[in-house]
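**Student:** Pasting the sequence and the predicted coordinates here, then a few questions.
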Amino acid sequence: MAAGEGRVLWEPSEELLTGSKLALYMRDRGFSEYEDLWRWSVEDLDDFWRSIWELYEVGPEPERVLASERMPGAEWFPGTQLNYAEHIFRGRGGEQAALVHATESSELAELSWDGLADKVARCAAGLRRLGVGRGDRVVAYMPNVAETVIAFLATASIGAIWSSCAPEFGTPTVVDRFAQIEPKVLIATEGYRYGGRDFDRRDRVREIERSLPTLERTIMVPSDWDDLLADSAPLIFEKVPFDHPLWVLFSSGTTGLPKAIAQGHGGILLEHLKKLNLHSNLGPEDRFLWYTTTGWMMWNFLVGGLLAGSAIVLYDGQPDPHGLWEFAREAGVTCFGTSAGFVGACMKAGVEPPSLPALRSVGSTGSPLPVEGFEWVYDKLGDVWLFSTSGGTDLCSAFVGACPVLPVRAGELQARALGASVEAWDEDGRPLIDEVGELVITKPMPSMPLFLWNDPDGERYRDSYFDMYPGVWRHGDWIKITPRGSAVIYGRSDSTINRGGVRMGTSELYSAIEGVPEVLDSLVVDVDDRIVLFVVTSVELDEELEGVIRKRVREDCSPRHVPDAIHRIDEVPRTLSNKKLEVPVKRILQGGDPAKVASRDSLANPAALDWFAERATELSSPRAR
């Protein structure tokens, strides 16, 4: 246990204990303790999710809630019809801000609920003119700007299926994703500004177009945007079945092509209504920011803030440790969502945030927030509710995190989410308390993937989530459930690297790195917010070759995933089945016992792991180059 872990840093106010949305929900159902409410929510899935349906008046009384509880294959709310986008706008209107947005190259601006509704209706009409209808795929190569939100809501309103990538993604990374789902229309930015530099994306868009044979039209933003929105139209919504795909999110490509994860209108709607209202306590008076890109599920989650009637705050640009807090002050942000990496950068830069009178909560996700990060927030920001949260692209939500009626303890996530049957299991499937184990979900949640695209028999779906514990979802995180019901996350038990909202699996990095002729093999690990690359090369590793490797990663993958350090090795440690030992190497560099991180009997070349063990201290130092 880290020093200070579990120390109480914040207690909820009487207002939250009695008047928060979660407190009112608990009281109406006769619960005085959150743990008892959570237990009911996972032991009686039917009654719990029916209560969410009724609380937010999702639709007519359903005949059934959960027709089948098996995983995979759970069947939710059969026979119901709805539309995610319709619930965004239901009961909303007027001149109150719905979107608050800025970029490095544009000043802070607002778009009202009436203005948003008009633009979404116009965009939907434009998409229909292009022949887009129910089930067609619309993809976006766009930054986190108002046009992207408008295009998504328009796509959803007509029953088409959305997917997006951030414009810093390299062409191969984008094509690996979009080609799988065969889009009809591409909406793409001509350029963006990041870190004070302008990036022209027109040539890259043409490369993407050539690799997507199903494309019928590309809308360039801003050149074609006004034409797409030229026709005034009423805001109408295509009712679709509960499990009709809303969007396709992509995994990070840790092993092979990124998984194309289809999630449904109904499941995402219920999950986001629950998470953003009850757990995040958002409402019409809030301005909700989460720093993200369009290539991360947190962008989709941010848009979901509209379901609580909140204004969502979009910022596209470099997350400068000083500047982002100033932006939050200027935008009147009440809920500031960020990452452990950003908090760490603020600590290293000696940031002193400005006065933030509107701020009442801070969220952190992407990687575990250490005790020191918790302490920094309370030292610098004072009496705010800090919720560290953990979930995943696979459900577009959180399993553990925010709970406005519980205290905040250093290094801990407050509670397991309602309806999320989360446990820590050992390798034999035994539940653990106060010990680190695999994060598993033992019962279905409505926002779980409907299916993986191009996986007709479901084999890849089963292999991805149910290979270790049949019938039980293994998420791929290490977790400890405390006796209090709170949790501590210890990072991935597989390999994903998140940088500033851009999640990328190591296989995508390998594709770029090993495309350099001199690189014969490679291994990449993420250690304490540093990307450390190890390469087997046919020549000596000099500054010129390092430059070539970094350039390839920057152009083909993402500038945020350029290695911080590159080292030459003789061979990459591998299992007998030829898998690279990323996680064991990472644990060794974090101080783990080499004898415990991997069984030598399972290794094809155990001596290769010894090289890392002998140099662990040197390699894990930030000064190592």
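**Tutor:** It's in. Numbering: from 1, shown residues only.
**Student:** ok, residue 289 touching residue 332?
**Tutor:** No: counting by C-beta atoms under 8 Å, residue 289 sits too far from residue 332 to count as a contact (9.9 Å). Heads up, the C-betas are built off the backbone N, CA and C, glycines and all.
**Student:** And the two? Which one has more around it.
**Tutor:** residue 289 (27 against 18; other C-beta atoms under 10 Å).
**Student:** who's in contact with the longest helix that the chain contains?
**Tutor:** As assigned by DSSP state H, the longest helix anywhere in the chain is helix 113-129. Contact with helix 113-129 is made by 85, 89, 92-99, 111, 138, 149-151, 153-155, 157-158, 160, 185, 227-236, as judged by C-beta atoms under 8 Å, 6 or more residues apart in numbering.
**Student:** Now, these that are in helices?
**Tutor:** Secondary structure from DSSP H places 85, 89, 149, 150, 151, 153, 154, 155, 157, 227, 228 of the contacts of helix 113-129 in helices.
**Student:** Farthest pair within these?
**Tutor:** Pairwise distances among the ones in helices among the contacts of helix 113-129 were taken by C-beta to C-beta; the largest, 24.0 Å, belongs to 89 and 227.
**Student:** Could you check which of these two is surrounded by more residues?
**Tutor:** Neighbour totals were compared for residue 89 and residue 227, and residue 89 leads with 20 against 11 (other C-beta under 10 Å).
**Student:** Looks like the more buried one contacts residue 235 (just checking).
**Tutor:** Yes: if you go by C-beta under 8 Å, residue 89 and residue 235 touch, sitting 6.6 Å apart.
**Student:** before we move on, back to that, give me the buried subset of the contacts of helix 113-129.
**Tutor:** Neighbour counting with 16 or more other C-beta atoms under 10 Å marks 85, 89, 92, 97-99, 111, 138, 149-151, 153-155, 157-158, 160, 185, 228-229, 235 as buried within these.
**Student:** residue closest to the middle of this structure?
**Tutor:** Nearest to the mean C-alpha position of the chain, counting by C-alpha atoms, centre = their mean, stands residue 297 at 3.4 Å.
**Student:** Excluding chain neighbours, give the residue nearest to it in space.
**Tutor:** Counting by C-beta to C-beta, 6 or more residues apart in numbering, residue 393 is the residue found nearest to residue 297 once chain neighbours are left out, at 4.4 Å.
**Student:** Roughly how far does that neighbour sit from residue 346?
**Tutor:** Remark: distance between residue 393 and residue 346 (C-beta to C-beta, to the nearest Å) = 26 Å.
**Student:** Check which residues of the helix or strand where residue 199 lies are buried.
**Tutor:** Assessed by DSSP states H and E, residue 199 sits inside strand 197-200. Neighbour-count burial for strand 197-200 flags residue 199 (criterion: 16+ other C-beta under 10 Å).
**Student:** Use 26 as the first number from now on
**Tutor:** Yep, numbering from 26; the last one is strand 222-225 now.
**Student:** contacting residues around that strand?
**Tutor:** Contacts of strand 222-225 (C-beta under 8 Å, 6+ apart): 130, 192, 193, 215, 216, 217, 218.
**Student:** Dump these into JSON lines; add distance to residue 303 and neighbour count as well.
**Tutor:** Formatted as JSON lines, the contacts of strand 222-225 follow (distance: C-beta to C-beta, whole Å; neighbours: other C-beta atoms under 10 Å):
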{"residue": "130", "distance to residue 303": "37", "neighbour count": "13"}
{"residue": "192", "distance to residue 303": "34", "neighbour count": "25"}
{"residue": "193", "distance to residue 303": "34", "neighbour count": "21"}
{"residue": "215", "distance to residue 303": "41", "neighbour count": "15"}
{"residue": "216", "distance to residue 303": "40", "neighbour count": "16"}
{"residue": "217", "distance to residue 303": "35", "neighbour count": "22"}
{"residue": "218", "distance to residue 303": "37", "neighbour count": "16"}
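**Student:** would a markdown table of these with distance to residue 432 be doable?
**Tutor:** What follows is the contacts of strand 222-225, written out as a markdown table (distance: C-beta to C-beta, whole Å):
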| residue | distance to residue 432 |
| --- | --- |
| 130 | 42 |
| 192 | 41 |
| 193 | 39 |
| 215 | 48 |
| 216 | 46 |
| 217 | 41 |
| 218 | 41 |
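**Student:** Identify, from the residues you listed, the entry nearest to residue 276.
**Tutor:** residue 193 (18.2 Å).
**Student:** what's the helix or strand for the closest one?
**Tutor:** Short version: residue 193 belongs to no helix or strand, going by DSSP H and E.
**Student:** still on that earlier bit, tell me the buried residues in whichever helix or strand comes after the strand holding residue 224?
**Tutor:** Using DSSP H and E, the helix or strand that directly follows strand 222-225 along the chain is helix 227-235. The neighbour-count check on helix 227-235 (16+ other C-beta under 10 Å) flags 229, 230, 233 as buried.
**Student:** Can you work out which other helices and strands pack against helix 227-235?
**Tutor:** helix 196-206, strand 210-214, strand 242-246 (3 or more C-beta pairs under 8 Å, 6 or more residues apart in numbering; DSSP states H and E).
**Student:** Give me the contact list for that helix.
**Tutor:** 166, 195-196, 199-200, 203, 211, 213, 215-216, 240, 243, 245.
**Student:** Return stretch 205-216 as CSV; C-alpha atoms alone will do.
**Tutor:** C-alpha atoms of stretch 205-216 as CSV (Å, rounded to 0.1, in the frame of the first residue of the first chain):
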residue,chain,number,x,y,z
GLN,A,205,-13.5,-2.5,-41.0
ILE,A,206,-16.9,-0.9,-40.9
GLU,A,207,-17.2,0.2,-44.6
PRO,A,208,-18.4,3.8,-44.2
LYS,A,209,-20.6,5.6,-46.7
VAL,A,210,-19.6,9.2,-45.6
LEU,A,211,-16.4,10.7,-44.2
ILE,A,212,-16.5,14.0,-42.3
ALA,A,213,-12.9,15.3,-42.1
THR,A,214,-11.1,18.4,-40.9
GLU,A,215,-8.8,20.3,-43.2
GLY,A,216,-6.5,21.0,-40.4
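**Student:** May I see the buried residues of it?
**Tutor:** 205, 206, 208, 209, 210, 211, 212, 213, 214, 216.
**Student:** my guess is the fourth one meets residue 159, correct?
**Tutor:** No: Residue 209 sits out of contact with residue 159 when judged by C-beta under 8 Å, with a separation of 11.8 Å.
**Student:** ok, the ones in helices among the contacts of helix 138-154 vs residue 405, which is closest?
**Tutor:** Nearest to residue 405 out of these is residue 174 (C-beta to C-beta; 30.5 Å).
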